[in-house]
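Colleague: Structure of the sequence below:
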Amino acid sequence: MMKDSDTFHKLDSHDRRLVAALQINPRAGAGVIGRVLKEHERTVARRIHRLIAQGAIQPTAVFDTMRCGLGNAVQLRLEVEGGALERVARALVGRDDIRRLVAVSGRSNVLWCELIVPSRPGLHALIAEGIEGVPHIREFEAHTTLRTFATPADWQVPELTGPEREQLHEGRVQPVERPADRYELSPVDRRVAQALIDNARVSLTEISRNLGFSVATAGRRVTALLERRMLYLRTEVEPALLGRPVEAQMCLKIPPAGLEAGGCTLAAYPEVRYCAAITGTYNLILEVCLGHEGDLYRFLSERLAGIPRIGEAAVEIITHAYKRGFVIKPQRPRER
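Modeller: Prediction:
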């Protein structure tokens, strides 16, 4: 968690390039990054340590919950009673089953959260009974995630050259081309995954020492989790620190015949941080990060205009992120 929400306004160009490298390969060593960025290894190591210690970045990992049999991601749009938005957010943010929680602009107090529901009975209970123990929710809509085209773990700020990105990609564990839809998580897999969730840069030596097996076994377990896309490494950072302070969430209505092509096209744009097909009136949800409101207008008028047959588009500005990738963010600063 960032220790002071006012500590950073925007990282300088050197730090942005370093963060971009860590977004591509969160486990890359300081020596590797130094060679790619043409900086001294010790300088890179110090800067990584500083950014982590200050809370500007958090190297972590996130399960593919569907592939690991941990449940389905459900996107919830919550309309909250007037004046109760912060109270509802505080009640939700600490829950272990909520991966993402943001407030958005709109005609009422609205929160969007991504809830991991372990089973269909759990989904039915959510629809029938609402979110237990959380008052002041006036109404909510639940949209089950069907297919994810791009995750925040895939997003990288465009600060590096093509050759630099390629060198960093080469050092990553390469996923298999067609992983299975479902893998069984063993107890050891869970323990190794938790070590990476706590710190994606943890060494194999430390994993082996803490979990009581060899370094070689630790390496094989980490590789298997990443190859099979059961776990995604992620360098969590607020887009505003990278010069992308304008964030928007969009819900689109696309004919089913164009959903796959539209999702793949949108996911490839550098502005898109998240893109997924969902159930409901709108069948595609995406999150974009941009430098200026004018860039958002151009995204709408040019990028979206290039997607055939979009029927409707609901656009909301993200005003505050309370939680991303299970990482709790600082409290919303009060106006001065």
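Colleague: Ala73 versus Tyr114, what's the distance?
Modeller: Just to correct that, residue 114 is Glu rather than Tyr. Counting by CB to CB, to the nearest Å, the gap from Glu114 to Ala73 is 5 Å. (C-beta placed from N, C-alpha, C; glycine too.)
Colleague: joint contacts of the two?
Modeller: Arg99, Thr145 (CB atoms under 8 Å, 6 or more residues apart in numbering).
Colleague: quick one: contacts of the least confident helix or strand in the chain by mean pLDDT?
Modeller: The helix or strand of the chain with the poorest confidence is helix 120-129; it has a mean of 83 (mean pLDDT, DSSP states H and E). Contacts with helix 120-129, where a contact means CB under 8 Å, 6+ apart, come from Gly71, Asn72, Val74, Leu115, Val117, Ala142, Thr144.
Colleague: Now intersect those with the strands, please.
Modeller: Asn72, Val74, Leu115, Val117, Ala142, Thr144 (DSSP state E).
Colleague: In terms of distance to Pro239, which of the residues you listed ranks first?
Modeller: Leu115 (22.6 Å; CB to CB).
Colleague: Just give me the neighbour total for the closest one.
Modeller: Per other CB atoms under 10 Å, the neighbour tally for Leu115 reads 22.
Colleague: Low-confidence regions, this structure specifically.
Modeller: Within the chain, the set of residues satisfying pLDDT under 70 comprises 1-9, 331-336.
Colleague: which residue packs closest to the spatially most distant residue from the centre of it, ignoring adjacent ones?
Modeller: Each residue of the chain has a distance to the centre, and by CA atoms, centre = their mean the biggest one is for Ser214: 31.3 Å. Leaving aside its chain neighbours, Ser214 sits nearest to Ser208 (5.8 Å; criterion: CB to CB, 6 or more residues apart in numbering).
Colleague: List the contacts of stretch 201-218.
Modeller: Here stretch 201-218 has contacts from Pro26, Arg27, Ile48, Pro59, Val188, Arg191, Val192, Ala195, Leu196, Gly219, Val222, using CB under 8 Å, 6+ apart.
Colleague: The same query, at a cut-off of 7 Å, please.
Modeller: Pro26, Arg27, Pro59, Arg191, Val192, Ala195, Leu196, Gly219, Val222 (CB atoms under 7 Å, 6 or more residues apart in numbering).
Colleague: Endpoints of it, how far apart?
Modeller: Taking CA to CA, to the nearest Å, the first and last residues of stretch 201-218 lie 13 Å apart.
Colleague: returning to that earlier point: after whichever strand or helix holds the residue nearest to Ser214, next one along is what?
Modeller: Using DSSP states H and E, Ser208 sits in helix 204-211. Toward the C-terminus, helix 204-211 is succeeded by helix 215-227 as the next helix or strand (DSSP H and E).
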